[in-house]
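Participant: got a sequence here, can you build the structure:
(one chain, ligands or ions: 2)
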Amino acid sequence: MGLSDLDQEAARTADLAEDASSDQVRIGQVVKLDRGFPLVRCLDTGEQLRCEHATDLVKEGRFRVVVGDRVEVLISQGHDKGIIQDVLERRTELVRKDPAERAVAQVMAANFDLVIIAQPLAEVNIRRLERELVLAFETGAKVAVVLTKADLAQDESAVQQIRRQVQDRAGQQVPVLVISAQQPETVEEVRSLIPQGTVAVLVGKSGVGKSSLINLLVGREVQETGSVREGDGKGRHTTVSREIVPIPQGGFVMDMPGVRGVGVWEAEAGIGAAFADIEEAATRCKFRDCKHAGEPGCAVRAAVAEGQISQERLDSYLSLTTEVKTLRERKEEARRMQGTKASDERAGKRGGHKRVHKARKRR
Ligand code: GDP
Ligand code: ZN
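Facilitator: Ligands and ions are numbered 1, 2, ... in the order given. Reported below is the predicted structural model:
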């Protein structure tokens, strides 16, 4: 988020306010989503208010704002809540497959600069890490991995060994940090990844230590730890709120509690980045459309045979690409069945409603 962005938005806010009499239109950011209405912070005054979606914004589909969204809010006298009239184009978005739907995307956060993937050092789940990396790379933001609870590792050599393994998986351009709540100073490296004016989104299964990390970054208990119970569905959603937390001497961190499923969604670019070694080898396969399933002249299989790529890693790659392809087919099928409805939406049929930008560029 650059300063000039803020200036532009402030100027736009002023323009919009002019043609109103008692009503005001402001630009704000969604800073918290919980069981209530979205909490929006106005960019010019810093004032926070609860807002509802304009019916026009949601009636065509399931559109809802996410944490980090920049929104145009109408504040009218005699109305205690603001009305979200429009959503500005998202700079970045974190998208997964909606766990409750057959082929629907779910945006979880918007407008961040860095995705931090948290995994417990002593219990790294490589399959999950691969998926998290795919989702993270797909956003186009920077990516980092934080290995938590280092105090639970056997010894320092175990820590280094696991760190190296994760580094290999993530790629050399991804910072892999090791932290422990027992040693608060370990969090300083994480802080330095989130300088002032930047926003990081923190992802990871519940219980991996995300809240503890945020508390360390902030220097006090802003997040309740150990509150989301894994494996028992009861009461989970009541504890889940997503918000943007300011970090002293740093930027902002968005917490994504209770995110269990990491289904990939239209993530070809993310898969390409997370499995760059495989895609690089694939450029040397004899057939352009090689499925690496035993065709002659397959450079990927050759790399596996030579031990440069592990069989497990290839299996993950193949199953993730199949997953994305299947979803795409399902989505196309759903679109065909809806027929004209989908094309109407693509044509931007929105009546006289004024849109600042189109937020749903890919859906
Ligand atoms: P979240 O669900 O990802 O937000 O995880 P929490 O921060 O709530 O942590 C889950 C549990 O792990 C809590 O009981 C924490 O006290 C514990 N925990 C978090 N960080 C550490 C750590 O560095 N070392 C140890 N031993 N336990 C930790
Ligand atoms: Zn091949």
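Participant: over to residue 95. Which of the three states is it?
Facilitator: Assigned state for residue 95: strand (three-state reduction, DSSP: H, G, I helix; E, B strand; the rest coil).
Participant: right, and it touches residue 266 too?
Facilitator: Yes - using CB atoms under 8 Å, residue 95 is in contact with residue 266, at 7.3 Å. Just so you know, the C-beta spots here come from the backbone N, C-alpha and C atoms, and that holds for glycine as well.
Participant: identify the contacts common to these two.
Facilitator: The contact sets of residue 95 and residue 266 overlap at 105, 138 (CB atoms under 8 Å, 6 or more residues apart in numbering).
Participant: more neighbours, these two?
Facilitator: Taking other CB atoms under 10 Å, residue 95 and residue 266 do not tie; residue 95 has more neighbours (23 against 16).
Participant: dump the residue contacts of the more buried one.
Facilitator: 105-108, 135, 138-139, 265-266.
Participant: from ligand 1, how far out is it?
Facilitator: Distance of residue 95 to ligand 1, computed by CB to the nearest ligand atom, to the nearest Å: 21 Å.
Participant: likewise for residue 111?
Facilitator: For residue 111, the distance to ligand 1 (CB to the nearest ligand atom) stands at 22 Å.
Participant: state the number of residues packed around that residue.
Facilitator: By other CB under 10 Å, neighbour count at residue 111 equals 24.
Participant: just residue 269 next, same as before
Facilitator: 13.
Participant: just residue 115 next, same as before
Facilitator: Applying other CB under 10 Å, I find that residue 115 has 27 neighbouring residues.
Participant: host element of it?
Facilitator: In this assignment (DSSP states H and E), residue 115 forms part of strand 114-120.
Participant: with residue 31 instead?
Facilitator: strand 24-33.
Participant: now for the very next helix or strand once past that strand, which elements pack on it?
Facilitator: For strand 24-33, the following helix or strand on the C-terminal side (DSSP H and E) is strand 39-42. Judged by 3 or more CB pairs under 8 Å, 6 or more residues apart in numbering; DSSP states H and E, strand 39-42 is in contact with strand 24-33, strand 48-53, strand 70-75.
Participant: quick check: which of those is nearest to ligand 1?
Facilitator: Ligand 1 lies closest to strand 24-33 among the helices and strands packed on strand 39-42, at 16.3 Å (CB to the nearest ligand atom).
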